[in-house]
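**Student:** task: produce atomic coordinates for the following.
(chains A, B, C and D)
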2 protein chains.
Amino acid sequence: MPKLGMEPIRREAIVRATIAELGQSRSLDVTVSQIAKRAGMSSALAHHYFGGKDQIFLAAMRRILADFGAEARAELKAAAPEDRARAVIRACFAPSCFTPDVIAAWMTFYVMAQTNQDALRLWQIYQSRIRSNLVHALKGRAEDPRDAAETLIALIDGLYIRAALGAPEQPELAVRQATTILETLTGRRS
Amino acid sequence: MPKLGMEPIRREAIVRATIAELGQSRSLDVTVSQIAKRAGMSSALAHHYFGGKDQIFLAAMRRILADFGAEARAELKAAAPEDRARAVIRACFAPSCFTPDVIAAWMTFYVMAQTNQDALRLWQIYQSRIRSNLVHALKGRAEDPRDAAETLIALIDGLYIRAALGAPEQPELAVRQATTILETLTGRRS
DNA sequence: GGTTATTGATTGACGAGTCAATAAAAAGGC
DNA sequence: GCCTTTTTATTGACTCGTCAATCAATAACC
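**Tutor:** Reported below is the predicted structural model:
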């Protein structure tokens, strides 16, 4: 009983299912069939719409990156100029970006980016966006904005890993750690 | 022409080959055959000595952890009391721990630890060791030694990820970033 | 009748783990 | 010191499962 105009619906379902499955199984060893089953369709259809497994993963990665971008834009728009750096940190650990599923998916993307050029490029784009946001936010507030931004990003990456492996660390805790560093970097000793 | 007493030699060769292969192929999709070939033996022999793929990986992980432990112990022994935290940082980015191969292998272990209980336990042991070293080193020098240690570890993890994905970041750079944070955490503003 | 949606069945490759067979060294008996 | 037996080392060939990708077939829609 095929209805027309299914393509966007199916694609959306697959992307969601991919993130969920990746988050649940916690490894890259997720089969197209598993994803398709969770999305309520046959694996053949998933192949039909995406062409291959890699492209399914890339679509999921793009989605996660886009979600983060939206979150960051929202936080930045609502933030006072001197609060922009904190806004970026908040975005990183916002509920839409810091769920167990998404975190676990991130991990797999890190691995994928080591070998898949497209994945690497996506990651780099995300990196340079967050970096430029932070550099901009830190200009005039940290001694070396570039350096401080780089350090903060590394710290955030590390907090993600720890969230992936450790007990379900509360977002607030991660935000607090990152904020503390931010404040020492901007010279405000607590 | 079997010679006796080969077991330790073969095991060593497999462990080395695993790290090398993991580092080169940059993914967990490394076959036992690939490893065995690099180690100069048949895959059957690898199975014979280790029992299975997981145990091969775990042995490689144990090795890397042990190498780090040795490095850390050496650095700590040679460090003045007020330099102990820096010694730990130096150990993390020492040549024996921070080669491209080892870094890439680390990444795969992070992923493995998400699903493999034994791998997770190994990681946790490593974590608690480095944490207690850092807490000890920071006692009386940072406002909240535990918190500061936690943050430093997260930062180090993040620097590893970035090294795995980015251009071959120089160890000195990573050490500098970590040391900078260390100094702000211990109250010495540069 | 052409397009879109959909799937079950199939193909083809690859990889973990097993096993039987071979060969050399060691151990034991005489 | 020889012959036998056991233990250790080693591999090629094989089994069994899995999975990505394809395809032919079916069905609704226009």
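**Student:** so is the helix or strand harbouring residue A:104 next to DNA strand D?
**Tutor:** Element membership for residue A:104 (DSSP states H and E) is helix A:100-115. No - if you take C-beta under 7 Å from any atom of the strand as the test, helix A:100-115 misses DNA strand D, and the best it gets is 12.8 Å. Every C-beta, even on glycine, is put in place using the N, C-alpha and C of the backbone.
**Student:** so which residues on chain A come close to chain B?
**Tutor:** A:25-28, A:104, A:107-108, A:110-111, A:113-115, A:120, A:123, A:143, A:147, A:150-151, A:153-159, A:161-162, A:164-165, A:177, A:180-181, A:184-185, A:187, A:189-190 (C-beta under 8 Å from any C-beta of the partner chain).
**Student:** other residues contacting stretch A:165-174?
**Tutor:** A:92-95, A:98, A:100, A:159, A:162-163, B:110, B:113-114, B:120, B:123 (C-beta atoms under 8 Å, 6 or more residues apart in numbering or on different chains).
**Student:** buried subset of these?
**Tutor:** A:92-94, A:98, A:159, A:162-163, B:110, B:113-114, B:120, B:123 (16 or more other C-beta atoms under 10 Å in any protein chain shown).
**Student:** can you give me the helices in chain A?
**Tutor:** Along chain A, counting by DSSP state H, helices occupy A:7-25, A:32-38, A:43-50, A:53-77, A:84-92, A:100-115, A:117-138, A:145-165, A:171-185.
**Student:** which stretch among these comes nearest residue B:76?
**Tutor:** If you check each of the helices of chain A against residue B:76 by C-beta to C-beta, helix A:145-165 wins as the nearest, at 22.0 Å.
**Student:** tell me which residues in the closest one are buried?
**Tutor:** A:145, A:147-165.
**Student:** same check, this time on stretch A:172-188
**Tutor:** Within stretch A:172-188, judged by 16+ other C-beta under 10 Å, the buried ones are A:174-175, A:177-178, A:180-182, A:184-186.
**Student:** enumerate the residues of chain A near DNA strand C.
**Tutor:** Residues of chain A that fall close to DNA strand C, judged by C-beta under 7 Å from any atom of the strand: A:2-7, A:10, A:41-45, A:48.
**Student:** for those, could you give me TSV that also reports pLDDT and neighbour count?
**Tutor:** Shown next, in TSV, are the residues of chain A next to DNA strand C (pLDDT from 0 to 100; neighbours: other C-beta atoms under 10 Å in any protein chain shown):
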residue	pLDDT	neighbour count
A:2	60	4
A:3	74	6
A:4	82	5
A:5	89	6
A:6	89	13
A:7	95	10
A:10	97	18
A:41	97	18
A:42	97	13
A:43	98	16
A:44	97	10
A:45	98	16
A:48	98	12
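**Student:** so which of these reach DNA strand D?
**Tutor:** Within the residues of chain A next to DNA strand C, those near DNA strand D by C-beta under 7 Å from any atom of the strand are A:2-4, A:43-44.
**Student:** give me the low-pLDDT residue ranges for chain A?
**Tutor:** Chain A contains residues with pLDDT under 70 at A:1-2, A:167-168, A:188-190.
**Student:** from residue B:121, how far out is residue A:91?
**Tutor:** For residue A:91, the distance to residue B:121 equals 34 Å [C-beta to C-beta, to the nearest Å].
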